[in-house]
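S.K.: The sequence and its predicted three-dimensional model are supplied below.
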Amino acid sequence: MNEHPATEATTVIPVEQSSGEDEAREVGVGPWEGPWPEGDHYDPELLANGDRRNVVDQYRYWRREAIVADLDTVRHEFHVAVENWSHDFNIGSVVRTANAFGCAAVHIVGKRRWNRRGAMVTDRYQHVHHHPDTESLVAWAADHDLVLVGVDNLPGAVPLETHPLPRNAVLVFGQEGPGLSEEVREVCAAVLSIAQFGSTRSINAGAAAAVAMHAWVRAHVFDQRVTDRATTPRS
């Protein structure tokens, strides 16, 4: 499919300055210059008016449905699940990161409503499913031959850095503060910890999800195997 070089953008969004005032910067690309390209994946409205969406250049001017269909051909096997019992604001960040790493799907466990602000509209291109409780997630994973792997810095957790991640993993994350619920811990095949070396006791779910997803990508996309060196996080 044809690609078109980015043209100058004409719209702006605010960027916070050190002085606290807003400065405008240009984003996206403007209307297509010259004869329009052929192909059903192109969106006539975007070609005419420009594309300001948060998408990589490869998908500029593409219809949303076409982007999703193309991503479906290259998504990885791993899934991500996040507990959502009190509208955790980290979920949007997790969804955005899942999109970036080619996650098969994100699963919200608990409340259906979640804070989409941090997703930066990437949820439009990422499969997101809802499970009302842990039991339904467990049943779904079993039906799809997937293994639940919790990620939380808990006593007895196995270091992520030394534990091989299964290819068919569902990486499960708890909420900010309480972390993985006891119910989820009991159904996970393993609970993994992320080594830390500073003074803080924890990192938020969005950051933990990024670390774990990248570990899966390193193992199963780049074939980088873990070593047997044990690293003990500070407690």
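M.R.: That came through fine. Given the structure is predicted, the values throughout are model-derived calculations rather than measurements.

S.K.: Which pLDDT value belongs to the residue nearest the centre of the chain?
M.R.: By C-alpha atoms, centre = their mean, the chain has its centre lying nearest to residue 98, at 1.7 Å. At residue 98 the predicted local distance difference test score is 98.

S.K.: What of residue 117?
M.R.: 85.

S.K.: Next, the closest residue to it other than its chain neighbours: secondary structure please.
M.R.: In space, residue 117 comes closest to residue 92 once its chain neighbours are excluded; the distance is 5.4 Å by C-beta to C-beta, 6 or more residues apart in numbering. Any C-beta I mention is one placed from the backbone N, CA and C, and that applies to glycine too. Classification of residue 92 using DSSP: H, G, I helix; E, B strand; the rest coil returns helix.

S.K.: Do I have it right that residue 92 meets residue 126?
M.R.: No. The pair residue 92 and residue 126 fails to qualify as a contact (C-beta atoms under 8 Å) at a distance of 11.0 Å.

S.K.: shared neighbours of those two, anything?
M.R.: Counting by C-beta atoms under 8 Å, 6 or more residues apart in numbering, the contacts common to residue 92 and residue 126 are residue 119.

S.K.: all strands of the chain, in order?
M.R.: Across the chain, reading from the start of the chain, the strands by DSSP state E fall at 12-16, 22-26, 79-84, 106-110, 128-131, 147-151, 158-159, 169-173, 190-193.

S.K.: Now tabulate those in CSV and tack on mean pLDDT.
M.R.: Written out in CSV, the entries for the strands of the chain read as follows (pLDDT from 0 to 100):
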stretch, mean pLDDT
strand 12-16, 34
strand 22-26, 54
strand 79-84, 96
strand 106-110, 96
strand 128-131, 97
strand 147-151, 98
strand 158-159, 97
strand 169-173, 98
strand 190-193, 98
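
S.K.: looking at the ones you listed, which is closest to residue 222?
M.R.: When the strands of the chain are compared for distance to residue 222 using C-beta to C-beta, the nearest one is strand 169-173, at 16.2 Å.

S.K.: The closest one - contacts with which helices or strands?
M.R.: In this structure, strand 169-173 packs against strand 79-84, strand 147-151, helix 205-220, with contacts taken as 3 or more C-beta pairs under 8 Å, 6 or more residues apart in numbering; DSSP states H and E.

S.K.: now with 10 Å?
M.R.: Contacting strand 169-173 under the criterion 3 or more C-beta pairs under 10 Å, 6 or more residues apart in numbering; DSSP states H and E are the following elements: strand 79-84, helix 91-100, strand 106-110, helix 134-143, strand 147-151, helix 182-187, strand 190-193, helix 205-220.

S.K.: hey, which of these is tucked in deepest?
M.R.: Per-residue neighbour counts averaged over each of the helices and strands packed on strand 169-173 give the maximum for strand 79-84, namely a mean of 26 (mean count of other C-beta atoms under 10 Å).

S.K.: Count the neighbours of the residue lying closest to residue 48 once chain neighbours are set aside for me.
M.R.: Among residues not flanking residue 48 along the chain, residue 31 sits closest, at 5.9 Å (C-beta to C-beta, 6+ apart). A total of 14 residues lie near residue 31 under the criterion other C-beta atoms under 10 Å.
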